[in-house]
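Undergrad: Return a 3D structure for these sequence lines:
(one chain, ligands or ions: 2)
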Amino acid sequence: MKIKSTEFLISAVKPEQYPPENLPEIAFAGRSNVGKSSMINMLLNRRNFARTSSTPGKTQTLNFYEINEAFRFVDLPGYGYARVSKDQHKSWGGMIRTYLSKRENLLEVVQLVDIRHKPSLQDQEMYQWILDEGFNGIVVATKADKLSKSQISKQLKVIQAGLGAEARIIIPISAQSRWGKYEIWDLINSIFKANDYDIQVERQHDS
Ligand code: GTP
Ligand code: MG
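TA: Numbers count the residues shown, from 1 in each chain. Ligands and ions are numbered 1, 2, ... in the order given. Predicted structure coming up:
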């Protein structure tokens, strides 16, 4: 299918606010500022659809985006923002874990990490929650434009070592150079296929 419609549905903090479970969802997790919203914009060829900001920690809600009235992307609240209190950290964890554990129509949670950095303790914690819920542990390494080719391959190994043996698939991307977009769509299509959904999105060429 081509992408014909993209709609922001809701910013939710609790399950009562989630949209109905009638459509499959793919969620994106990662620390604040890692580039979750930028990746969603890149995938959908939209500039300012999923809100991006230079103020980390802005997205403190689960944001649901519906594509073609066929499937949804879910932008999970970012973590690791230094200025959050312990209470905020707890409520963030509760929000994410509730969604991961209860959501029947959630097909996969993709973990985003910054390609320049060794995974933080919170990245490791988040990644473990993803594995604990039975997801595959697919990783996207963002901001690859900031490194050279040789640094990229070196950092992919650092990330793999930091997250552990389950991190078999790590895809480097750059939302800035629009690099890795086809790989992510191929990945998303393979997730639909593996879950017996008849959804295959055409490669989104830059407009
Ligand atoms: P929160 O919503 O706060 O959790 O952040 P986020 O993960 O959604 O990050 P966002 O997409 O808002 O990006 C944060 C900052 O990083 C913005 O200034 C983006 O322009 C920048 N950024 C995102 N992706 C890339 C990338 O691939 N390359 C470069 N150079 N900058 C990027
Ligand atoms: Mg965001």
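Undergrad: Pick out the residue of the chain closest to ligand 1.
TA: Gly78 (2.5 Å; C-beta to the nearest ligand atom). C-beta coordinates here come from the backbone N, C-alpha and C atoms, glycine included.
Undergrad: Could you point out the helix or strand that follows the helix ranked longest in the chain?
TA: Looking across the chain with DSSP state H, the single longest helix is helix 86-102. Counting by DSSP states H and E, the next helix or strand C-terminal to helix 86-102 is strand 106-114.
Undergrad: Walk me through which strands that next one pairs with, and which way each runs.
TA: Using DSSP bridges, strand 106-114 pairs in its sheet with strand 25-30 (parallel), strand 139-142 (parallel).
Undergrad: Report the contact partners of Asp145.
TA: Going by C-beta atoms under 8 Å, 6 or more residues apart in numbering, Asp145 touches Ser174, Gln176, Ser177, Trp179.
Undergrad: what's the burial count for the last one?
TA: Applying the criterion other C-beta atoms under 10 Å, we find 14 residues in the vicinity of Trp179.
Undergrad: Okay, and the beta partners of it?
TA: Ser174.
Undergrad: Surely it is in contact with Lys143?
TA: No: using C-beta atoms under 8 Å, Trp179 makes no contact with Lys143, being 10.4 Å away.
Undergrad: The helix or strand hosting Tyr65 vs strand 25-30, what angle?
TA: Taking DSSP H and E as the definition, Tyr65 sits inside strand 62-67. Here strand 62-67 points in a direction 130 degrees away from that of strand 25-30 (axes from the mean of the first three to the mean of the last three C-alpha atoms, to 10 degrees).
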